[in-house]
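**Student:** Coordinates only, no sequence provided:
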Ligand SMILES: Nc1ncnc2c1ncn2[C@@H]1O[C@H](COP(=O)(O)OP(=O)(O)O)[C@@H](O)[C@H]1O
Ligand SMILES: Nc1ncnc2c1ncn2[C@@H]1O[C@H](COP(=O)(O)OP(=O)(O)O)[C@@H](O)[C@H]1O
Ligand SMILES: [Mg+2]
Ligand SMILES: [Mg+2]
Ligand SMILES: [Mg+2]
Ligand SMILES: [Mg+2]
C-alpha cells in the first residue's frame, strides 16, 4: 500500500461520509444526540482540505495528518477516537510503502489506541464492535497469504457484520449507555461509520 | 318581574356558562385569547356564591350584586363590560318588582353603559352586536303589549341572530380587531355569551 | 396539551406559591393576588404598579424590586386582573407620593385598570396611568382597539421605575413613561402557537414550513401567515415594520430587545440578535444597550419579538440606573 | 423543523456573532471559537475554562464574567468542542496561576478536554480538571460511561469561580469544584423532544399524554416513558431519585435549581418550584438559595431539571459572592 493508495482510501472515506451523513445522524438520533453524521462529514471534509497540497514523506504521514485533522475538527467522542486511530496507525508506517503485515500490525496499534482512550471492549456497542472484527479478519487474511485487497474486503464485511450485531447489544459506553436497555434494537452509529471506513479501504485497494 | 324571577335568571345564566364554557373558549381561541368561556364561568360561579344568602331589597339589588361580582371576579374585557351592564340595569330597578317597560328602559341603560365604557357600535363585532338587537326586540315587544316572557323570547332570538351575524363582520374592537380581515368568518365569543344571557332570561320568564 | 401544571384552574395560585417561595425579596399576597416588594412601600416615592394576564412571565412579577415595579397584579392566564387586585396593590405600595399604573393597551386591561384607578382615587390615592401601545403589527386608529402593548412595557417599567426611585413626582414619572412608550416600537413573529391551560389546544395551527407574522402575546393568530424564512429575513421583516413607523436616522441611538416568546432557545435569540446588529450597523444607528432573552412571553410560543426604543441621554441614564428584580438586575 | 436560524451549518457562527454583538463584557474569538472576558486574564488568579456542545445556552458562554468563568468553548450543537478550542482558551485566559477545566462527564467532552489538558500542559500552562457528573437518572458504574454532567455544572462554575476570584490556588479551586459536584444531584423530565438543526427531526416522539423520565440534555430519550402526570408527581419522581442517591436530613441546607430545558414557560417552572418547596418543607430540609429559570437547556425541549446541592457554610458564602455574567448576576 503506497501513499497514492492511502490518499485514495481517505478520499473514499470522505465520499462515504458525505453520502452517509444523514443515515449516521439518524442512527445517532435514535440512541444518541443526532450529530454523528455531521461530525464525520465535517471531519473528513477538513481532512480532504488538509491533505490537499500536503506532501507526505510516507504512508504514515497521510494517516497521522488525517488523525490530527479529525481531532481538530470533529469534536464529540468520534473526533478523539477516530483521530487517535488514524494517528496510531500512521505512526507505525514510516516508509513510502506499507507491507500488508505492517499494515495489519499498524491497525492493531490503532485499535489499541482507541481502546486505551475509550476503554470500550467488544460488546459495549461502540465502534470497537466493528473495528475489532475488521482487524481480526484483515490480519487473518494477510496471515493466510491473501492479497491486501482481499484482506480489506474481508475486513469491510466483518466490520459491517459487527456493526449489524450492535443492534442486539445494550450499550455500556458512549451516550447510548444512558438509555440502558432502551439502547437495544438500534445500530450503533460509530460502528456503522467504522464499517464505512473499511468498505472505503476495500474500494481503494481493489480499484 | 320579581326578585325570585331575577334570581332564576341569573342562576340560568350560571348554568348556561357552565355548559357553554368550552364552546365560548374555543370561539375565543379562534380570534382572541381563548379565555372567554373560562372567564364567564368563573364570573357567574362567583355570582352564584355571592347571591347565595344575599337578601336583596329589590330586583335591582340582585343585578347590581351580579355586576359588582362580575367586575371583581372576571377580569379581561368581559368583566367590566358585563359588570357594567348588570350594574347599570340594576340601578334602574329599585322596587321589589320591575314592570316590563321599566325593564326595557333599564336594559337600554345597560347598553348605554357598555357602549360608554367600550366605545363599540353595532357592526364592530362585539357583544354589542347581540345586545343591541336583543334590547330592540325586547323593547318593541313590550311596546307591542306582549307578555314579558314573549319579549324575552324575541330578545333571545334576536341576540342569537346578532351573534350569528358577527361571523361575517371584521372586528374593530376588542382583541379580534388585531386580526384585521382575518377576523372575518368567526363568531364573536362575547356576542355569543350575550345570546346565552338572553336565552336564560327567556327560560326564566317562561318557566 | 402538555403542561407542567397540576390543574388548569390551579395555574395562577400554584405559580404564585412558587414565586413566593423562590423570591425572599418579594411578598406575595395569595388572597389579593398581588406581588409586592418585601420591603413594603417607599415613603415619599412614587410607586409603579403593573399587571396583566399571566402567561407572560417574567412580566410583571419578575420586574418587582428596587428601581422598577413596586407591585404586580397577575390575572388568570391571558386575562387582565380585576380592579380589586389593582386597588389592593395601589393601597399596599403607596408611599404617599402617588401610584403610577403601567397598563398594556388591551380592552380588558384598560377597562379594569380604569375602574381600579377610579376606586383608588376614591380612597385618596393619587393615581396616574401610562398606556403602553408599541406593537406596530396592529394598525392604529381611533376606530379600533389600537395597538397592543408588548415589549415596550419592560422599557417603560425599567425607566419610569428608575425615575421613581430617584424621588421624582408622579407627573414626572408618568411623563417619562409616556416618553418611553412614544419612543418604542415592537413587532413579533411566531414559529409555533401556544396553548392556554384552559383551552387545551393551540390558538392556531401552523404547518412545518409556516410562520405567523405580526403576532401578539396572547396566542392569537397574527396579521398574516407566511412561509418560514431564514432568521435574517424574519428580522428584516420585523425591523422594516418598526423603522417604517418610527424612522431612526444615521447617528441615532437605540435600546433594543430581542425577546423570546417562551419556547425559543436562547441560541436562536442570539442568531436573531446578530441579524439585528447587522441591520442597525447598515443604517448607522447605534444599539447602545440591549436585552436578549425571555422578558415578555406568550406561554410556550416559539418566536421572537423585537422592540426598539429610540434613546436619549435621560432615557439612557435611567436605563443604566440600578435595578434589582428577579428578572432584571444590574448596578446593585 | 422550525428554527429561527439562517442555516443548520451556520448556527454556531451566527450565534457567536450575536453573543459578541450583545455583550460588550465578553470577547468572542470567532476564529478560535472561544468566548472570554473582555478584560483579559486576571494576573495571579486561577482561570476557569468550560465548554461543551452548543444548544445548552446560557451554558457556558452566558457564565463568562467576573466571579465565574474566564472562558467558554462552544462546540457545534450537542458536539463537544475540539481540543484546539480548549487550548486556545487556556492560553488566552491563564493569568499565571493555572487553569481549571470544568468538564461535563460525556465521553466526547472528557476525551477532548483530556487531550487539551495534555497539550496545554505541554505549553507550560498548569491545568486541573473538575468532572461534573450529577445526573442520577443514569446508573453509575465503572463499566459504563458514568453519570452525565448536567445542572450541577452551574453550581460548580459559580462556586469554584468565586473561589478563584478570591485568589485561591488551582488545587483549592479544583478541590471546591469537586466538593460541589459531590454534593450535587440532578434529575430531568421532558414533556417534548428537541430537534438539532443538523438532524431536522426530533430525537424521539411523544404522544400527547406521555413524558420521558430521566432525560439528559442532548435530546436523547430518557430512562423510561411514562404517562404524563401533574407537576406535583413529576417533581416527586425527580426528588425521590435525588434523595435516594443523596439523602438530605432534617436540618440540612440546600441550594436548589429548577431549570427549564428551553421550551418550558417560566410560569410552569414556578409551579414546579412550589412543589419543590413543599417537598423540602415536609422533610424539614431548608432551601437556602434557589434558581428558577433556563440555565442549562436542551434547545427547545419542554421539561424541567431539578438540581440539588447540599450546602455548607463555605459553599454558601461562595455562592453569595459577587458574580457578573450575562446569565447570572448579583452583588456587583
Ligand atoms: N468509549 C468509547 N469507545 C469507543 N467508541 C465510543 C466510545 N464512546 C462512544 N463511542 C463511539 O462514538 C460514537 C458516537 O460518536 P459521535 O456521535 O460523533 O459523538 P458523541 O457521542 O459525542 O455525540 C458511538 O456511536 C460509538 O460508536
Ligand atoms: N370595546 C368593546 N365593547 C364591547 N364588547 C367588547 C369590547 N371589546 C371586547 N368586547 C367583547 O369581549 C369579548 C371578549 O371577552 P373576553 O375574552 O372575556 O376578554 P378578553 O378579550 O380580555 O380576553 C369579545 O368577544 C367582545 O364581544
Ligand atoms: Mg453523537
Ligand atoms: Mg378572551
Ligand atoms: Mg383575555
Ligand atoms: Mg455529540
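**Tutor:** That came in fine, so what should we check first? Note that the coordinates shown come from a computational prediction; the quantities given were computed from them, not determined experimentally. Ligands and ions are numbered 1, 2, ... in the order given.

**Student:** Chain D versus residue A:134, what's the distance?
**Tutor:** 21 Å (Cβ to the nearest Cβ, to the nearest Å). Placement of C-beta: from N, CA and C, glycine included.

**Student:** Identify the residues contacting that residue.
**Tutor:** Neighbouring residues of residue A:134 by Cβ atoms under 8 Å, 6 or more residues apart in numbering or on different chains: A:155-156, A:158-159, A:162, A:194-195, A:198.

**Student:** Specify the local secondary structure of whatever residue of chain C ends up closest to ligand 1.
**Tutor:** Closest to ligand 1 within chain C is residue C:267: 17.3 Å, counting by Cβ to the nearest ligand atom. Three-state assignment for residue C:267 (DSSP: H, G, I helix; E, B strand; the rest coil): helix.

**Student:** got it, and residue C:49?
**Tutor:** Applying three-state DSSP: residue C:49 is strand.

**Student:** pretty sure it contacts residue C:93?
**Tutor:** Yes - using Cβ atoms under 8 Å, residue C:49 is in contact with residue C:93, at 6.4 Å.

**Student:** List the residues that are in contact with both of the two.
**Tutor:** C:70-71, C:99.

**Student:** want to try CSV for those residues, with pLDDT, secondary structure and distance to ligand 1 as columns?
**Tutor:** CSV is the format used below for the shared contacts of residue C:49 and residue C:93 (pLDDT from 0 to 100; DSSP: H, G, I helix; E, B strand; the rest coil; distance: Cβ to the nearest ligand atom, whole Å):
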residue, pLDDT, secondary structure, distance to ligand 1
C:70, 98, coil, 49
C:71, 98, strand, 48
C:99, 98, strand, 55
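
**Student:** ok, back up a step: can you tell me which of the contacts of residue A:134 is nearest residue D:320?
**Tutor:** Among the contacts of residue A:134, residue A:194 lies closest to residue D:320 (Cβ to Cβ), at 50.1 Å.

**Student:** Next up, the contacts around the residue lying closest to that closest one once chain neighbours are set aside.
**Tutor:** Among residues not flanking residue A:194 along the chain, residue A:130 sits closest, at 3.8 Å (Cβ to Cβ, 6 or more residues apart in numbering or on different chains). Counting by Cβ under 8 Å, 6+ apart, residue A:130 touches A:159-160, A:162-163, A:166, A:188, A:190-192, A:194-195, A:198.

**Student:** Which strand or helix spans residue A:130?
**Tutor:** helix A:128-143 (DSSP states H and E).

**Student:** For that helix, buried residues please.
**Tutor:** For helix A:128-143, the neighbour count (16 or more other Cβ atoms under 10 Å in any protein chain shown) marks A:128-139, A:141-142 as buried.

**Student:** Pop out the phi and psi values for the residue nearest to residue A:34 when sequence neighbours are not counted.
**Tutor:** Using Cβ to Cβ, 6+ apart and skipping the chain neighbours, the partner closest in space to residue A:34 is residue D:199 (3.7 Å). Phi and psi for residue D:199, reported as degrees, to the nearest 10, are phi -80, psi -40.

**Student:** Count the residues that sit near residue D:199.
**Tutor:** 25 (other Cβ atoms under 10 Å in any protein chain shown).

**Student:** where are the low-confidence patches of the stretch 51-200 of chain C?
**Tutor:** Within the stretch 51-200 of chain C, the segments meeting pLDDT under 70 span C:141-142.

**Student:** residues from chain A in reach of chain B?
**Tutor:** Residues of chain A lying close to chain B by Cβ under 8 Å from any Cβ of the partner chain: none are found.

**Student:** Quick check: longest helix in chain A by residues?
**Tutor:** Ranked by number of residues, the top helix in chain A under DSSP state H is helix A:3-31.

**Student:** counting contacts, what elements does that helix pack onto?
**Tutor:** helix A:36-51, helix A:59-73, helix A:189-206 (3 or more Cβ pairs under 8 Å, 6 or more residues apart in numbering or on different chains; DSSP states H and E).

**Student:** most tightly surrounded among those?
**Tutor:** helix A:189-206 (a mean of 26; mean count of other Cβ atoms under 10 Å in any protein chain shown).

**Student:** now the angle from it to helix A:3-31?
**Tutor:** On the basis of axes from the mean of the first three to the mean of the last three Cα atoms, to 10 degrees, helix A:189-206 is oriented at 160 degrees to helix A:3-31.

**Student:** hang on, the earlier thing: which one of the shared contacts of residue C:49 and residue C:93 is nearest to chain A?
**Tutor:** When the shared contacts of residue C:49 and residue C:93 are compared for distance to chain A (Cβ to the nearest Cβ), residue C:71 wins out at 44.5 Å.

**Student:** That closest one and residue D:40: what is the separation?
**Tutor:** Distance, residue C:71 to residue D:40, by Cβ to Cβ, to the nearest Å: 43 Å.

**Student:** and these two? which has more neighbours close in?
**Tutor:** Between residue C:71 and residue D:40, residue C:71 has the larger neighbour count (other Cβ under 10 Å), namely 30 against 12.

**Student:** which residues does the closest residue to ligand 2 within the stretch 201-332 of chain C contact?
**Tutor:** Using Cβ to the nearest ligand atom, residue C:218 is the residue of the stretch 201-332 of chain C that sits closest to ligand 2, at 7.4 Å. With contact taken as Cβ under 8 Å, 6+ apart, residue C:218 is in contact with B:32-33, B:175, C:53, C:55, C:78, C:203, C:298.

**Student:** Which one of those residues is nearest to chain D?
**Tutor:** Among these, and counting by Cβ to the nearest Cβ, the member closest to chain D is residue C:55, at 6.1 Å.

**Student:** secondary structure class for residue C:290?
**Tutor:** Strictly by three-state DSSP, residue C:290 counts as strand.

**Student:** The spatially closest residue to it that is not a sequence neighbour pairs with what?
**Tutor:** Closest residue to residue C:290 apart from its sequence neighbours, by Cβ to Cβ, 6+ apart: residue C:256 at 4.9 Å. Judged by DSSP bridges, the bridge partners of residue C:256 are residue C:290, residue C:308.

**Student:** burial measure for residue C:256, as a count.
**Tutor:** Residue C:256: 26 neighbours (other Cβ under 10 Å).

**Student:** how's chain C carved up into domains?
**Tutor:** Chain C breaks down into these domains under automatic domain parsing: C:8-183+C:322-330, C:184-311.

**Student:** Residue A:118: which of those domains is closest?
**Tutor:** Nearest of those (Cβ to Cβ): domain C:184-311, 28.9 Å.

**Student:** Could you tell me the end-to-end distance of the closest one?
**Tutor:** Domain C:184-311 has an end-to-end distance of 9 Å (Cα to Cα, to the nearest Å).
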